[in-house]
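*Asks:* Here is my input, please return the structure:
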Amino acid sequence: MNFKHIAGAVALLGIASAAGAQDMVVKIGHSGPLSGAQAFSGKDNENGARLAIEELNAKPITVAGRKIKFELLSEDDQGDPKSGVAVAQKLLDAGVRYVVGPYNSGVAIPASRTYHDAGALVATVASNPKLTQQGYQGLFRVNASDTQLGSKMALYAANALHLKNVAVIDDRTAFGQGLADEFTKQAKASGMTVAGHEFTNDKAFDFTAILTKLKAKKVEAIFFGGYAPQGAPMVRQMKQLGINAKLLGGDTICTAEMGKLAGDAAGDNVLCSQGGAILDKAASGPAFKAKYKQRFKQDADVYAASYYDAVQLYAQAMQKVNSTDPLKVGVAVAAGSYQGVAGTYAFDTHGDMKQSPVTIFTFKHGQLTPITSY
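*Replies:* Numbering: from 1, shown residues only. Okay, the predicted model is just below:
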């Protein structure tokens, strides 16, 4: 046996492992609806996170003297609470301690407990106010809450559109119900009459009975707390029934998919509120949109920039504390401020953004068109 050769091989292995030790792998988990009717949103969010990770790995950044290699682990939670909790456990078992998502409030609320118990950080656009009222450290909402989205849509309806008589439909999801409740509260406070509140679900496609009931009440607008796959047939059926009321909604009908599914039924009769300033007017907004389109051969949708920012936010905090320990990074995120593409990320004690502008959009030729931000 040639001990010289063995010793040489061992030495070479030592060099290889030392070289490998220079790179530290940090796994970023993504949980979102990658199948089903909301897959377009889940994929858009995933792409935003992927773009950030690819840019960070191209630099790369250094923490505690070691280069960081980010890896994206993306899982389909199907927009379902039970699946979301199972996905959370799967990501945690794979060593993930930094999460972007879940997208749906109904998924984020139960899954956030699983992430919290494991000491993982979560950055989500899920907008139900109850999410951040759980008191979990390390949970950050990187967008406006339902309180802001629903109430500012109601303020716009009252102050800019001068509406007096409105109705509400919600899909009974944690998101849809929360959003509708906030709209209703502000609508009444602004002097509008809420003539009816009807309910559906996030699998429905026929709203004729509900809409016929509201038509009789001569409402000027219907606020829908729900998602584009239901919002689009709803606005088409409003047109078919000769209902001239406007359809109002939150960020989930502020999507290219809404314009695509609704066709010529969606124009200036549809208005929606979306967290964040107008991307075209943001300092780095146009550059982000161009990079996204070049990489994915399609336009960025509602929250791609927020997911991109969330990953960059984590990376900046790691550099700040010179550590990848989520506890230390979470403290830095909570105390700091990060200027991203979609806004400035500074958080209150609940994990909500201190300032989150809301933009009101409408549709022109099937395309989302911003009206105003406030």
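
*Asks:* Which residue, neighbours along the chain excluded, lies closest to the residue nearest in space to the middle of the chain?
*Replies:* For the chain, the residue nearest the mean C-alpha position is V125 (3.3 Å; C-alpha atoms, centre = their mean). Of all residues not flanking V125 in the chain, N143 sits nearest, at 4.2 Å (C-beta to C-beta, 6 or more residues apart in numbering). C-beta: built from backbone N, CA, C; applies to glycine.

*Asks:* Contacts only, for the residue nearest to the centre of the chain.
*Replies:* Contacts were defined as C-beta atoms under 8 Å, 6 or more residues apart in numbering; by that measure V125 touches 45, 103, 141-143, 251, 275, 303, 306-307.

*Asks:* what comes up buried for stretch 307-326?
*Replies:* The neighbour-count check on stretch 307-326 (16 or more other C-beta atoms under 10 Å) flags 307-321, 324, 326 as buried.

*Asks:* and what of stretch 335-350?
*Replies:* 338, 340-343, 345, 347, 350.

*Asks:* which stretches of this protein form helices?
*Replies:* 3-20, 39-58, 81-93, 105-117, 146-159, 174-189, 208-215, 228-240, 256-262, 285-296, 304-321, 326-335 (DSSP state H).

*Asks:* which of those helices is buried the deepest?
*Replies:* Among the helices of the chain, ranked by average contacts under mean count of other C-beta atoms under 10 Å, first place goes to helix 304-321 (a mean of 25).

*Asks:* How far away from the center of its chain is that one?
*Replies:* The chain centre lies 15 Å from the centre of helix 304-321; the measure is C-alpha atoms, centre = their mean, to the nearest Å.

*Asks:* low-confidence ranges in the stretch 201-350 of the chain?
*Replies:* Scanning the stretch 201-350 of the chain for pLDDT under 70 picks out nothing.

*Asks:* related to what we said a few turns ago, ok, the residue nearest to the centre of the chain to E55 distance?
*Replies:* 20 Å (C-beta to C-beta, to the nearest Å).

*Asks:* Can you report how many residues lie near the closest residue to D202 other than its chain neighbours?
*Replies:* What sits nearest to D202 in space, not counting adjacent residues and going by C-beta to C-beta, 6+ apart, is D171, at 4.6 Å. D171: 22 surrounding residues under other C-beta atoms under 10 Å.

*Asks:* ok, D171 - contacts?
*Replies:* Contacts were defined as C-beta under 8 Å, 6+ apart; by that measure D171 touches 177, 199-202, 204, 224-227, 230.

*Asks:* Can you report phi and psi for it?
*Replies:* Recorded main-chain torsions at D171 are phi -90, psi 10, according to degrees, to the nearest 10.

*Asks:* any idea of the pLDDT on it?
*Replies:* For D171, the pLDDT comes out at 96.

*Asks:* Assess the claim that S273 and C254 are in contact.
*Replies:* Yes. Taking contacts as C-beta atoms under 8 Å, S273 lies within contact range of C254: 7.2 Å.

*Asks:* what touches both of those two?
*Replies:* Residues touching both S273 and C254 (C-beta under 8 Å, 6+ apart): F361.

*Asks:* G226 versus V85, what's the distance?
*Replies:* From V85 to G226 the distance is 23 Å (C-beta to C-beta).

*Asks:* Over to L279?
*Replies:* From L279 over to G226 (counting by C-beta to C-beta), the distance is 24 Å.

*Asks:* Tell me which residues touch the residue nearest to V125, please.
*Replies:* Contacts of N143 (C-beta under 8 Å, 6+ apart): 125, 127, 251, 275-276, 303, 306, 342, 353, 356.

*Asks:* The residues you listed in strands, which ones?
*Replies:* Using DSSP state E, G275 are the members of the contacts of N143 that sit in strands.

*Asks:* Quick check: can you list the domain ranges of this protein?
*Replies:* For the chain, the structural domains run 14-144+282-342, 147-275+359-373, going by automatic domain parsing.

*Asks:* contacting residues for the nearest residue to E182 once chain neighbours are set aside?
*Replies:* Of all residues not flanking E182 in the chain, G150 sits nearest, at 3.0 Å (C-beta to C-beta, 6+ apart). Residues near G150 by C-beta under 8 Å, 6+ apart: 178-186, 225, 250, 273.

*Asks:* From A157, how far off is G150?
*Replies:* 11 Å.

*Asks:* Same question for V125.
*Replies:* 23 Å.

*Asks:* just C272 next, same as before
*Replies:* 11 Å.

*Asks:* Which residues are in contact with each of these two?
*Replies:* L248.

*Asks:* can you give me how far stretch 318-333 is from the chain middle?
*Replies:* Put simply, stretch 318-333 sits 23 Å off its chain's centre (C-alpha atoms, centre = their mean).
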